[in-house]
Structures are given as C-alpha cells and as structure tokens.
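Q: got a predicted structure here, sequence first:
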Amino acid sequence: MTCAEAFQAYALRAIGIGERALPQGEITVCEQAVLIGSGMIWNVYFLVLALSLGFFFAVGLALAKASDTRLIRKPAEWFIFLFRGSPLFIQFFMAYEAFVMIPRLGFEFELFGIAIEAETRWFARAWLGALIVLFFNTSAYAAEIFYGALRSIPKGDLEAADAYGLTGWKKFKRITFPTTMRLAWPAYTNEAIFMFHATALVFFSSFPTFQQRGDALYYASYFADRTFNPFIPYPIVAAYFVVLTLVIITIFGAINRRLNRHLPQDQRRRLRLRPTLLR
Amino acid sequence: MFTFCEDPSTLSSLPWFACYLTNGVHMLFYQSFLTVFALLAVAAPLSLAFGFLAATASRSPIAPARWLGKGYTSMVRGIPDIVFFLFFVLVLDQGIEYIRHVINCPDWDEPIRQGANFLVCDAARTPQGNAAQWVHETYNFGLAVFTYAIVFGAFCGNVLFGAMNAVPRPQLETAAAYGMTRRQAFWRVLVPQMWIYALPGLSNIWVILIKATPLLFLLGIEDIVYWAREIGGSRNSRFAYPHPDWRFWYFLGLLIFYLCFTRVSEVVLARVTKRLSRGQATAGGEAMRKAAA
C-alpha cells in the first residue's frame, strides 16, 4: 500500500470513515503515521470542546470560590478540591462505572428544528462520557488558576474603578474580568497543554473504543503491540503532540498579546515558550 | 479471618461485610496499596537524582553534556507522560534483552527483528522463562519504577535547573571572591541554597507523582486499580460472597484514598516550606525575620 493509498484509506478511520479493517501483517510507516494522525482527531475534539466549555464554567467556579457567601463558596471549593486532588485516571474509571449504572432510557428532543433521539447509554461512550469528565477536570484546574488571578488583581485597579463610579456588572466586565484573564493567561496556557496531554488517557481508562476508533495513543500502542517495535509508533505520536502543543502555544500567545496590548512594551508579560510544569 | 466466617451465606449484613472485607482477595487488594507506596518510595528519590544530574548537566560548560541535559529535561514539555510510560517499559525490556543477547550468545547469526518479532536467544530472555512468578512480577515492577524515575526525573530537572538559576548571582560571585573553585562554589554555596527555590516546584511534582501512580495499571502491574476492577466486578452465587457490580464503590474508595493522600502531602509540604524559609534571603524568610523581631 502506498502512502497516498494509506492516506485515502485511513485518514478518517478514527471517526469511522474509510477502510474498516486495520492493516495486518507488515505495517508500513505510512499506515502508522496516517492512522495515528486520524486518532489525533479525537484528542483535538476532546481538547477543543472540554477547554472551550470548561472556560466558562471555570470563570463561574472561580467567582464562586471568591464569593463571601459561604453557601456559594463551599460547594465551589469542594468541587475544585475533588477534581484537583484525585487522579484523572481514577475519575475516568469512576465516571464510567457510574454512567454504566444509569438505566437505559431514550429521550426525544428538538435542536434547531432537528429531532434528535438522545440515549442515556451515550454517557458510557467516550465521546460524551469522557468529555464530561475532562470538562469537569479542566474546569476545576482552570478555576483554581482564575481564582489565584482574581486574588492578585492590583488593589489600585479596583480602587480606580470605584473612583470612576463603576459598580457591579460593569466593573466586572471592564476591570475585574480582563485583568484576571491577563494575569491568569500564562498559567492557563499551561493548563491547556496539560489538558491536551490528558486526552491521551481517555481510551486507556475504562471507556471502550467503538469499532477500534481510538485516539492517537490507542493506535500507537496497537502498533507497538503488533510489531513489537516501539521505536516507530511512539515517536510518531510524540511528534504529533509536539506539533499540536506548538499550535496551542501560538494561539494562546496571540491571545496573550491581545490581552496585554494596552501595556507599555516593557511591562508586557511574555508567554514563555517554556511553560512551567505546574498542575 | 474471623471464626464466624465459615458459611457467609448465613450471615447478616454487618458480619457479612466484616468477613467479605477481610477475605483472601481483599488482603491482596490491601497489599497492593504497599505497591503504590513502594513505587513512591523508590521512584521519588531516584527521579530527584536523575533531575539533579540533568540540571547539573544543563549548566555544564561542556556543550554535549549541556545538550544532553537540556534535551532530556525538555522532552516532557510537549509530549504526554503516558506516551513515555508505554514507550520506556518496552524499550527498557528490549534493551536489557538485547544487551544480554550480545553478551551471552555471540555466535547467534539470525537477525533480532524478524518482521513483527523480537527474537533473542533463550539465554538472554529476561527474566528466564522458568523463573518463579515473583521474579517476573518484581522485574516488571522494577521496569515500571525505572520508567517513572526517567519521566519524573525530567520534571525534576526542569525545576532544579530553574532553582539553580534563581540563587542570587552575588552569592556565587562572593564564593569566587573567597577563592572557591567552581566545584566548591557549586557544592558549598549553590546546592544548599537552591532547595528553597526548588521546593514549590518539587512539591508540585510530588503531588503529580502521587496522581500518576494509578497509571501503574497500564504497565501491567497488579496495583490498586487492577484489584479494584478485579474484586469489584459482579460475583454470582457460585462464589462465597456473591454481590452485584460494585466497581463504582471500589473506585470511590480509591478516589477518597487519593484525596486524603494529596491533602496530607500538601499540608506537610507547606510545613516544610515554612521550615526551609527560615534565614533565607527570600520574601518568605524576610517575613519570618520581621515577625520574630
């Protein structure tokens, strides 16, 4: 099988389009690279959805944790503690077992005029179940980062806002929120990278693969088991992850520049290309 | 364990649970917690040593040593640790067998990689095919621990390198002014002072390491996750202790175990940080000095 053929057959294999059977016998480097790349679709899917949805939840959680009302603060604190204090791997296992226990039901509802039949067994599938776990997990980590940033907003900024007569929502929207984001962004970039790496765990915890449609690492370990040669599939996965990590850094770096654009040149906080390993 | 456990089917729920939770497989389950602690006890100092070597190499005036150190410490930045776990276990296993193959069987003329096979002579099999079960288990565990040490050594290397650079430059200049050699300044001035800068990063890595221990399961070790899955699955009436699928509750137990473990670690590490800040030229140390005065 040539490279072009391998690409045609397997480029979208991970989402169920293309050749059904995985390569047997002699597996070429091309086939490995294409299949692992197609598995990467899942990693990106989990990253993008969990991170973009988690962002809003995390802001809410951070505000709740910073709240003066005990009734709001405590649940947020516990939620953050629960998801930051325990291994993601165990969270996956537990969530899966919990989702399996849900009785099988079907719901019909309409979304944008299209009738959709939702089923509770979707929860036990990786695309929904693992996404929920990752969403909660990244929300908790990001909330802690945002909370830290919220606490370190310069006092003067808030006093200036008061002096200008800004209160409530307006003060939050114009002063508190942008400053929080500006302060939190380098750490949040780090979290995004960790989150991306965590997506590799999905198909290694209890969530089963459906018709061998797995993520990048799933295919890599499949090839390593088949060929008994770890030196080809794992470096391929590693290369994919490095490239996409660089993409994340580029995108987040652009946002960081925008968040800091009002500052004088020398005060702008550069996004370091060597993210600190804080988690 | 208890004398009344002979026929569990006749027991009411409280003694039933007392018997159930102390039966043979549960004892194995409790022992596997020791596996986790053993992993932490060996992997943590080992990765600190690897990290120290890597950080020292990254500062070396010799370029190849510097490249090696930097390359090693930066490998964990872009690639998930789980990839390394899966990779290194296989590589170490094959590497050991290959070296033993070259030493033990010099007159072997077939290629080692034949298509999808990795063939070494019988004398190079590690552990030997006829070895006892515990040898196999210990060997696998050793490979896993070493893999953890490699990956977390890279994490530690990052932190220690940053800490070494964080020690105020004048300290080293003073050492040089007193006539200390590079080596003396390193051991007598830099190393004792760097720990306070390294501690926040190292405590963070410790917590990450704790949270990475369930991944042992993926490396084929019979750890707590393995036993939780094994015992928790439903048991029909042919077994002495029939029960439905209880895996959720077992994982809940593991979750609480990890929550407590990380919490205790955080409290202890906060104390250590406070202790190490004493007399240091940092904001924390300064605050303590002022509070005392």
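A: Great, that's in hand. Numbering: from 1, shown residues only, chains lettered A, B, ... in the order given.

Q: skip the chain neighbours and tell me the closest residue to B:S47.
A: In space, and not counting its chain neighbours, B:S47 is closest to B:F152: 3.7 Å by CB to CB, 6 or more residues apart in numbering or on different chains. All C-beta atoms are positioned from the backbone trio N, CA, C, and that covers glycine.

Q: okay, and the one you found sits in which element?
A: Taking DSSP states H and E as the criterion, B:F152 maps to helix B:133-166.

Q: distance check, the nearest residue to B:H243 once chain neighbours are set aside against chain A.
A: Of all residues not flanking B:H243 in the chain, B:R235 sits nearest, at 5.5 Å (CB to CB, 6+ apart). Between B:R235 and chain A the distance, using CB to the nearest CB, to the nearest Å, works out to 16 Å.

Q: got it, and B:F155?
A: Between B:F155 and chain A the distance, using CB to the nearest CB, works out to 6 Å.

Q: ok, that residue - contacts?
A: For B:F155, the contacting residues are A:277, B:47, B:51, B:76, B:205, B:208, by CB atoms under 8 Å, 6 or more residues apart in numbering or on different chains.

Q: so which of these are in helices?
A: Members of the contacts of B:F155 lying in helices (criterion: DSSP state H): B:47, B:51, B:76, B:205, B:208.

Q: which one of the residues you listed is nearest A:W122?
A: Sorting the ones in helices among the contacts of B:F155 by how near they are to A:W122, with CB to CB, puts B:I208 at the top with 31.7 Å.

Q: any idea where the helices of chain A begin and end?
A: A:3-10, A:29-65, A:70-85, A:88-101, A:131-151, A:155-163, A:168-171, A:177-198, A:216-227, A:233-259.

Q: CSV for these, including mean neighbour count?
A: Written out in CSV, the entries for the helices of chain A read as follows (neighbours: other CB atoms under 10 Å in any protein chain shown):
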stretch, mean neighbour count
helix A:3-10, 17
helix A:29-65, 20
helix A:70-85, 15
helix A:88-101, 22
helix A:131-151, 22
helix A:155-163, 12
helix A:168-171, 11
helix A:177-198, 21
helix A:216-227, 23
helix A:233-259, 17
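
Q: is it possible to get TSV of those that adds mean pLDDT?
A: Listed next are those as TSV, based on pLDDT from 0 to 100:
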stretch	mean pLDDT
helix A:3-10	82
helix A:29-65	93
helix A:70-85	94
helix A:88-101	90
helix A:131-151	94
helix A:155-163	91
helix A:168-171	91
helix A:177-198	91
helix A:216-227	88
helix A:233-259	92
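
Q: in CSV: the ones you listed, plus distance to chain B.
A: Written out in CSV, the entries for those read as follows (distance: least, CB to the nearest CB, whole Å):
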stretch, distance to chain B
helix A:3-10, 18
helix A:29-65, 9
helix A:70-85, 5
helix A:88-101, 4
helix A:131-151, 11
helix A:155-163, 18
helix A:168-171, 30
helix A:177-198, 4
helix A:216-227, 5
helix A:233-259, 4
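
Q: so, low pLDDT: which residues of the stretch 1-150 of chain B?
A: Along the stretch 1-150 of chain B, the parts satisfying pLDDT under 70 run over B:1, B:114-116.
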